[in-house]
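here you go, sequence then predicted model.
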Amino acid sequence: MRCIAIVALLWTSVAFAQMRAPFHVSYDLDHLDLDGHVLQFQVSRPVASAELVAIGEDGKELGSGTAAYHDERPGTWLSVSWTQPAGARVLMLKLRVTAGDGKVTNVELTPWSVAVEHEDVNFATNSYVIEPGEDAKLDASLAKIGEIVKRSEKFVKMQLYVAGHTDTVGPSAKNRTLSLDRARAIAAYFRRKGLALPIAFAGFGEDVLKLKTPDETDERRNRRADYVIAPRGAPPPFRGPYLKAHATWKQLP
């Protein structure tokens, strides 16, 4: 009987401690599948259910989903899925998680980013000067950027990222510097033309090739830049080989 009482006391103490523990929800982009419409998250205490609402670029609800959980330990990755129209782009996910004791916490994720389709600027060899005639390409890109900003500026504060790349001709260190200078030149052009968004730029040199080639290969498709719009204040929206390259993002004045 005493044994049962001790077990009951221990169970009560654990339950009470869990009830008093802070209720935290954590997540990261590596556990978000936007194409499959599934978010995974972790919690700091036992959880009963989750509700998720997906918001589109126009600020309106795209879809929603719910999930129930049973006895999952804190720290376990839990999944909640949602439905939405095909082809729609998610701007924000609103997650509401209810603990087993009824305590509720709300978190918002902004996984939104847009890669701007564009025609790349052709630079002269070893140069980062924007040649006459190439500015028309940048003007066309600037117009597309303006359309994206106009569509979503009411719902999210944005930043433009410009990532420069080279082919494999020349020393790797030199290519890293050259790609940075070219990215800076493009970013500065956008600023001179009136783009008010914060602009970050970085040079990846030959470390993120679009087409894998041997060293010293003159490949036009690798001489390029990425223009990506993402939420201001969030981590840069680049993954995989971009992270492995360890490039430093600089902010344009």
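Thanks, I have the structure now. Numbers count the residues shown, from 1 in each chain.

all contacts plus neighbour counts: C-alpha atoms, from now on.
Fine.

so how many other residues sit close to Lys210?
16 (other Cα atoms under 10 Å).

list the contacts for it?
Neighbour list for Lys210: Arg221, Asn222 [criterion: Cα atoms under 8 Å, 6 or more residues apart in numbering].

ditto for the one 3 residues further on
When contacts are counted by Cα under 8 Å, 6+ apart, Thr213 touches Thr168, Glu219.

now do the SS call for it.
At Thr213 the chain is in coil, as set by DSSP: H, G, I helix; E, B strand; the rest coil.

gap between it and Gly205?
Using Cα to Cα, to the nearest Å, we find Thr213 at a distance of 14 Å from Gly205.

Ala99 too?
In terms of Cα to Cα, Ala99 sits 48 Å off from Gly205.

what's the answer for Ile229, then?
Taken as Cα to Cα, the span from Ile229 to Gly205 is 21 Å.

okay, those two: which has more neighbours?
Neighbours per residue (other Cα under 10 Å) separate Ile229 from Gly205, with Gly205 holding more: 28 against 23.

wait, the more buried one sits on Asp181?
No - the criterion here is Cα atoms under 8 Å, and Gly205 misses it with Asp181 at 10.4 Å.

any chance you could map the helices in the stretch 101-250 of the chain?
Ranges of helices in the stretch 101-250 of the chain, per DSSP state H, counting those that start in this stretch, are 135-152, 172-192, 241-245.

Asp167 is in contact with Arg220, isn't it?
Yes - in this structure, Asp167 is within contact of Arg220 by Cα under 8 Å, at 7.2 Å.
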